[in-house]
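# build me a model from this:
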Amino acid sequence: MSPKQYFSALLRPHEAFDGWTPSVAVAVAVVALLCVLNAASVAYAGDAVAGEVSGTVTVDNPERPPDWMCESPDANAGAFGDCDAPETTQKPLRPAAIDAVDAVTLKAAFSPFAWVLLVASLFVVVSRRAGGSDGDALGGFRTGLAGGALAAVPGGLRALARPVLVERALVDWSHPGTLDGVGTAAVRALFPDGPLWLAVVLVSGAWSAAVVYGGALDDDDRAGSGAAVVAVLAFVAASGSAVLGNGGWTAAPGGFGLLLIAAGVVGVVGSYTFIELSKNHELIGFRGKRHVEPRGWYVALHRIGAAVAVAAGFVLLDGHALV
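Just a heads-up that it's a prediction; the model follows:
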């Protein structure tokens with residue numbers, strides 16, 4: 001497929017997706033580039049923030065044992081460490097700021113991919129495939145994955161704008177003189193505010209939602225109202241930082257968020273198999289088993305729960321603030 005088709009999908013999604021689905025291989029490549037761009041954006045802004053941090057703070061000397069140990073008869077023998085070491089020492093503030101922004105950068109490297117997985121999950125649960133077989137769900141997931149990857153491209157506007165706006169805000173920025181305080185302040189400085197940033201977030205989010213709507217509307221297994229629901233949820237996920245202070249940063253462990261996303265995706269595409277395996281496990285020890293199939297609403301309920309897990313993982317990964 002020519003690059004012109006992909007540009008058309010971004011500029012005229014309602015027309016471009018008519019009978020056409022982007023290649024999954026191209027989608028994966030696009031998402032990978034967006035992840036690199038997003039991480040580089042946060043890393044560049046983080047370097048600017050950390051460069052503004054200076055000074056030291058007085059902390060307890062970790063090399064000196066507690067007083068009660070030094071007062072012991074064995075202290076003179078050096079059994080507990082160097083009791084002649086000073087009680088306090090000076091620790092620079094900049095490393096604490098660097099560690100804090102590095103944690104944000106790591107999450108930023110996964111956020112675009114997490115958003116695309118969330119959109120793909122919504123493609124499945126807000127369609128007639130939700131209560132069907134796992135094969136049908138996988139087909140819908142692939143369609144959502146391809147469409148969501150293109151819809152994530154407008155998020156690059158935020159990645160390009162973040163370093164510029166962060167550097168502008170650093171002119172009047174000051175940081176606290178404590179290790180915990182400077183780390184928190186450094187993270188907050190990575191999330192710009194003001195009308196220009198708000199405009200970038202809302203415009204890019206609306207653009208992404210329009211692409212999602214065009215891709216979802218072309219799917220024969222989804223009504224127009226379902227496509228609108230997917231588009232609205234995609235917009236909320238992409239623009240959550242616009243209405244949340246400091247980007248809505250949760251500071252939650254990113255690894256747990258990734259685990260939730262992975263488990264949720266497996267649930268979205270494999271709920272039918274999971275139900276079948278659970279049923280057979282529960283019937284162990286019974287005779288005269290008869291084959292029963294789960295109703296569509298029951299399968300759909302499992303898939304909705306799995307999509308909620310993907311959304312929760314996306315939030316814990318701070319994707320709403322970093323995508």
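# what stretches of the chain score poorly on pLDDT?
Across the chain, the ranges flagged by pLDDT under 70 are 1-2, 15-16, 18, 67-84, 218-224, 242-247, 280-290.
# show me where it has its helices.
3-11, 13-16, 24-51, 67-70, 94-108, 111-125, 134-151, 156-169, 179-189, 195-217, 224-239, 254-282, 296-316, 319-322 (DSSP state H).
# redo those helices as a markdown table? Include distance to T58.
Where C-beta positions appear, they are placed from N, C-alpha and C, glycine not excepted. Formatted as a markdown table, these follow (distance: least, Cβ to Cβ, whole Å):
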| stretch | distance to T58 |
| --- | --- |
| helix 3-11 | 54 |
| helix 13-16 | 58 |
| helix 24-51 | 21 |
| helix 67-70 | 17 |
| helix 94-108 | 14 |
| helix 111-125 | 37 |
| helix 134-151 | 50 |
| helix 156-169 | 29 |
| helix 179-189 | 11 |
| helix 195-217 | 36 |
| helix 224-239 | 43 |
| helix 254-282 | 32 |
| helix 296-316 | 35 |
| helix 319-322 | 33 |
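# compare those helices and give me the one nearest V57.
For these, proximity to V57 was assessed by Cβ to Cβ; helix 179-189 is nearest, at 6.1 Å.
# run the angle between the closest one and helix 156-169 for me.
In terms of direction (axes from the mean of the first three to the mean of the last three Cα atoms, to 10 degrees), helix 179-189 departs from helix 156-169 by 130 degrees.
# what angle sits between helix 179-189 and helix 24-51?
Helix 179-189 and helix 24-51 are oriented at 130 degrees to each other (the same axes, to 10 degrees).
# hmm, who's touching helix 179-189?
With contacts defined as Cβ atoms under 8 Å, 6 or more residues apart in numbering, helix 179-189 is touched by 46, 49-50, 53, 57, 59, 91, 93, 96-97, 99-101, 103-104, 166, 169-170, 173, 175-176, 246, 249, 251.
# just the buried ones out of those residues, please.
In these, burial by neighbour count holds for 46, 49-50, 53, 57, 93, 96-97, 100-101, 103-104, 166, 169, 173, 175, 249, counting by 16 or more other Cβ atoms under 10 Å.
# for D318, give me its contacts.
Contacts for D318 (Cβ under 8 Å, 6+ apart) come out as V104, K107, S111, G247, G248, W249, T250, A251, A252, G254, G257.
# which one of these is nearest to L37?
Using Cβ to Cβ, the contacts of D318 come closest to L37 at S111, 11.1 Å.
# do I have it right that V119 meets F235?
No. V119 lies out of contact with F235 (Cβ atoms under 8 Å); the separation is 10.6 Å.
# out of the two, which sits in the more crowded spot?
The neighbour comparison of V119 against F235 (other Cβ atoms under 10 Å) goes to V119, with 29 against 19.
# now do the contacts for the more buried one.
G144, G147, G148, A151, V212, V230, A234, A237.
# for those, which two are the farthest from each other?
Longest span within the contacts of V119, Cβ to Cβ: G147 and A237, 14.6 Å.
# out of the two, which sits in the busier spot?
More crowded of G147 and A237, by other Cβ under 10 Å: G147, with 30 against 22.
# once you drop chain neighbours, what's closest to that one?
G215 (3.0 Å; Cβ to Cβ, 6 or more residues apart in numbering).
# contacts only, for that neighbour.
Residues in contact with G215 (Cβ under 8 Å, 6+ apart) are A9, P13, F17, T21, T143, G144, A146, G147, G148, L150, A151.
# how about the nearest residue to L260, chain neighbours excluded?
G313 (3.1 Å).
# then P112?
According to Cβ to Cβ, 6+ apart, the nearest residue to P112 is L34 (4.2 Å).
# ok, that neighbour - how many residues close by?
Applying other Cβ under 10 Å, we find 22 residues neighbouring L34.
# quick check, it in contact with P154.
No. L34 is beyond contact range of P154, at 10.1 Å (criterion: Cβ under 8 Å).
# how many residues are close by P95?
Using other Cβ under 10 Å, P95 has 14 neighbouring residues.
# any idea how far V124 is from it?
44 Å (Cβ to Cβ, to the nearest Å).
# again with G319
Distance of G319 to V124, given as Cβ to Cβ: 19 Å.
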